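Peer 1: model this:
(one chain, ligands or ions: 1)
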Amino acid sequence: MKRIACLLVFVSFLLSVAAQPKLSILPEPVEIKTGEGFFVLNPSSSISTSSTDAELSRLAEQLSATLSRSTGFKMPVRAGGIMTNNVGNILLQINKSNDAVLGNEGYRLNIGQAVVTISANKPAGLYYGIQSLLQLLPKEIDQKKAAANVNWQVPVADITDYPRFAWRGLMFDVSRHFFTKQEVKDFIDEMVRYKYNLLHMHLTDDEGWRIEIKSYPKLTEKGAWNVKRVGTFGNFTPPAADEPRDYGGFYTQDDIGELVKYAKERYVDILPEIDIPGHSLATIASYPELSCSPGADKYMVRSGEKIMNWYSGGFTALVDNTLCPANEKVYTFLDKVFGEIAALFPFEYIHMGGDECAKNFWEKNPEILSLMKKEKLKDMHEVQSYFVKRVSKIVSSKGKKMIGWDEILEGGLAPNAAVMSWRGMKGGIEAAKMGHEVVMSPTTFAYLDYMQSDPVVEPPVYATLRLKKSYEFEPVPEGVDAKLIKGGQGNIWSEQLYNTRHLQYMTWPRGMALAECLWSPKSARNWNKFTQKVENNFERMDIRQVKYARAMFDPVFVVKKDSRDSILIELSTEVEGLDIHYSFDNSHPDNFYPKYDQPLSIPKEAQVLKVVTYRNGIVMSRQIDMPVKEIRRRADAIKK
Ligand code: ACM
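Peer 2: Numbering: from 1, shown residues only. The predicted model follows:
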């Protein structure tokens, strides 16, 4: 028996070694062939390009700046195929004839002992090849100043890589809390490391209008500002009339131009979202005539006070935060707004929101009731659909395609509209079956504003999404035409995001999980290998001073009841190879405390279960203090 146990331990050791990535690239490439020896950057290394093309030179200069900064080597750029035979050179090469396997974003990264060659059909592919190369260099490559005593070596390898999906996005809500232009650039810098190519900016909502619109200046004079409140958003005290409305901000059109250019130079498109007809309180506070509710001239931009009643299966609005579909002024407004938006953002799509539009004010409104009669609209869904179809015509008239949240399906989808499926995959499946394009961003896998560990330790949000669940994201459901699934994205709503450090904490590492789901072949996914790569990235993020969540090391609590109705607490970890230690005596457990090996019962009179995880004597998780009262509450909930 003992021998079998030893054998099992040995086999599991071998398996865990096999899961360690020899080359840590996240997202996992399509194919890696490893070799013998190393390529080493040295003081006479240089970067060559296969032609004098300006974009190629820009990429080479960008790479040179990155490598020079941390290595301290000069790293000159030699444009146009001038390749010295110096050992330690890097060649960026655009293929003379199309390499069909690679498409527009793929690359081949050949790391030889003398030279590194990155080749691609398009500059975007070279850019992604560069990201992979940077991940293979020692972590000090992420240092902002020259690092001493580093051997800048990369293992010899031959990598072929290309993305599974063309749409690999992150949505950043800059409305609920405003983030500066620099913070948006910093966000882009992080996302491109994981080969994301789309930044969806949620630019308007009840809490703020964030983009200068020259035809409607009050949108930013008034609509971009609210009263700063701190704490748990959603139920703040409504601001008094004389409280200063100085919290917020907006991007000028020049700022947007700068962001679009910054993103483009990193092969990121920006998708602008103007969220209508719901979520429009900031718009109405600026231009009350766009509402059809009496009293809208008293409305204020929301500061986090309660404006909706949520209940299971639905919601109603306490103030009418919708644009009025029966008001022609609304369509004139949208024509101008989308005209300016279309001119600012080169991306082919504009997002019109469309989510969570409360209909309770519409139901009582005489203008809407007469619109229904005139247009033969049966119910409020059809009213919304009438609105969406008119918006779709406006968006098309600006030469753009329209995308919206899956509520735009209700009452009938506008022709050619693409759907972003967030209430699970259902809306996406329905739209794809009707032949529409779909982007999957379901709450179940892709909502990065959700808590990532036990609610007793996380900043409170109404739902939880652990890293492992994010890593199970599969954007193509069975039974739909895969060609219509353009890809997916993670969404970071910012009701509870007050600063950029917390933004980073919420985004990473779940953003890495989604990146791998969107870039890598499904067959290349491997949870243990992924978590090892995440840990490697944590070390790099420490160097870059980017915050991340270590929630994957936290113990997972499951409260059960045994056959005699006694409470049992099961503890586990998502990451393999961790030991769980605990206490019931109020003291802080460490690795000398009892090690969890079977479900726990609560000792009589214990007040709190404290749990922490270790690996090889090193503390890995936060200590989670689980009140016994909370355990009992969870046990009571089992019955229901
Ligand atoms: C959404 O989360 N309301 C799209």
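Peer 1: what's the closest non-adjacent residue to the residue of the stretch 351-500 of the chain found nearest the ligand?
Peer 2: Evaluated by C-beta to the nearest ligand atom, the stretch 351-500 of the chain has Asp355 as its residue closest to the ligand, separated by 3.9 Å. Every residue, glycine included, has its C-beta placed from N, CA and C. Ranked by C-beta to C-beta, 6 or more residues apart in numbering and with sequence neighbours excluded, the top spatial neighbour of Asp355 is Trp405, at 3.7 Å.
Peer 1: from Thr464, how far out is the one you found?
Peer 2: 22 Å (C-beta to C-beta, to the nearest Å).
Peer 1: next: Lys185.
Peer 2: Counting by C-beta to C-beta, the gap from Lys185 to Thr464 is 30 Å.
Peer 1: before we move on, back to that, quick check: phi and psi on the residue nearest to Asp355?
Peer 2: The phi/psi pair for Trp405 (degrees, to the nearest 10) reads phi -60, psi 160.
Peer 1: that one contacts Met420, doesn't it?
Peer 2: Yes - counting by C-beta atoms under 8 Å, Trp405 touches Met420, with 5.5 Å between them.
Peer 1: who has more neighbours out of the two?
Peer 2: Met420 (33 against 24; other C-beta atoms under 10 Å).
Peer 1: let me know the pLDDT of the nearest residue to Ala463 once chain neighbours are set aside.
Peer 2: Among residues not flanking Ala463 along the chain, Tyr450 sits closest, at 4.7 Å (C-beta to C-beta, 6+ apart). As predicted, Tyr450 sits at a pLDDT of 98.
Peer 1: doesn't Thr443 make contact with Tyr450?
Peer 2: Yes - between Tyr450 and Thr443 there is a contact under C-beta under 8 Å: 7.5 Å.
Peer 1: between those two, what contacts are shared?
Peer 2: Residues touching both Tyr450 and Thr443 (C-beta atoms under 8 Å, 6 or more residues apart in numbering) are Ala463, Leu465.
Peer 1: more crowded one of those two?
Peer 2: Taking neighbours as other C-beta under 10 Å, Tyr450 and Thr443 compare with Tyr450 leading, 21 against 15.
Peer 1: next up, the contacts around that one.
Peer 2: By C-beta under 8 Å, 6+ apart, the neighbours of Tyr450 are Thr443, Val461, Tyr462, Ala463, Thr464, Leu465.
Peer 1: would a markdown table of these with secondary structure, distance to the ligand and pLDDT be doable?
Peer 2: As requested, the contacts of Tyr450 are exported to a markdown table (DSSP: H, G, I helix; E, B strand; the rest coil; distance: C-beta to the nearest ligand atom, whole Å; pLDDT from 0 to 100):
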| residue | secondary structure | distance to the ligand | pLDDT |
| --- | --- | --- | --- |
| Thr443 | helix | 7 | 98 |
| Val461 | coil | 12 | 95 |
| Tyr462 | coil | 11 | 92 |
| Ala463 | coil | 11 | 97 |
| Thr464 | strand | 16 | 98 |
| Leu465 | coil | 13 | 98 |
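Peer 1: can you select the buried ones from those in ChimeraX?
Peer 2: In ChimeraX syntax, the buried subset of the contacts of Tyr450 is picked out as below (16 or more other C-beta atoms under 10 Å):
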select :461,465
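Peer 1: now distance to Thr332 too, for the contacts of Tyr450, in JSON lines please.
Peer 2: Shown next, in JSON lines, are those (distance: C-beta to C-beta, whole Å):
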{"residue": "Thr443", "distance to Thr332": "35"}
{"residue": "Val461", "distance to Thr332": "38"}
{"residue": "Tyr462", "distance to Thr332": "37"}
{"residue": "Ala463", "distance to Thr332": "39"}
{"residue": "Thr464", "distance to Thr332": "44"}
{"residue": "Leu465", "distance to Thr332": "41"}
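Peer 1: which one among the contacts of Tyr450 gets closest to Asp590?
Peer 2: For those, the residue nearest Asp590 by C-beta to C-beta is Thr464; the value is 26.8 Å.
Peer 1: is it correct that that closest one is in contact with Asp449?
Peer 2: No - if you go by C-beta under 8 Å, Thr464 and Asp449 don't touch, sitting 11.0 Å apart.
Peer 1: show me the shaky parts of the chain.
Peer 2: Scanning the chain for pLDDT under 70 picks out 1-21, 81-85, 640.
Peer 1: residue numbers of it in contact with the ligand?
Peer 2: Asp355, Glu356, Trp405, Trp422 (C-beta under 6 Å from any ligand atom).
Peer 1: the first one: neighbour count?
Peer 2: In terms of burial, Asp355 registers 17 neighbours under the definition other C-beta under 10 Å.
Peer 1: that one reaches Pro277, doesn't it?
Peer 2: No - with contact defined as C-beta under 8 Å, Asp355 and Pro277 do not form a contacting pair (10.2 Å).
Peer 1: phi and psi next, for Phe333.
Peer 2: phi -60, psi -50.
Peer 1: I misspoke; the intended subject was Leu109.
Peer 2: Residue torsions, per degrees, to the nearest 10, at Leu109 are phi -120, psi 110.
Peer 1: how many other residues sit next to it?
Peer 2: Leu109 - counted by other C-beta under 10 Å - has 27 other residues nearby.
Peer 1: try Gly399
Peer 2: 9.
Peer 1: number of residues surrounding the residue nearest to Glu305 when sequence neighbours are not counted?
Peer 2: Distances taken as C-beta to C-beta, 6+ apart place Pro238 nearest to Glu305, at 4.3 Å, with adjacent residues excluded. Counted with other C-beta under 10 Å, the neighbours of Pro238 add up to 15.
Peer 1: distance of Pro238 relative to the ligand?
Peer 2: Using C-beta to the nearest ligand atom, to the nearest Å, Pro238 is found at 23 Å from the ligand.
Peer 1: cool, Ala326 as well?
Peer 2: 24 Å.
Peer 1: give me the three-state assignment for Arg73.
Peer 2: Wrong residue type there; residue 73 is Phe, not Arg. Following DSSP: H, G, I helix; E, B strand; the rest coil, the label given to Phe73 is coil.
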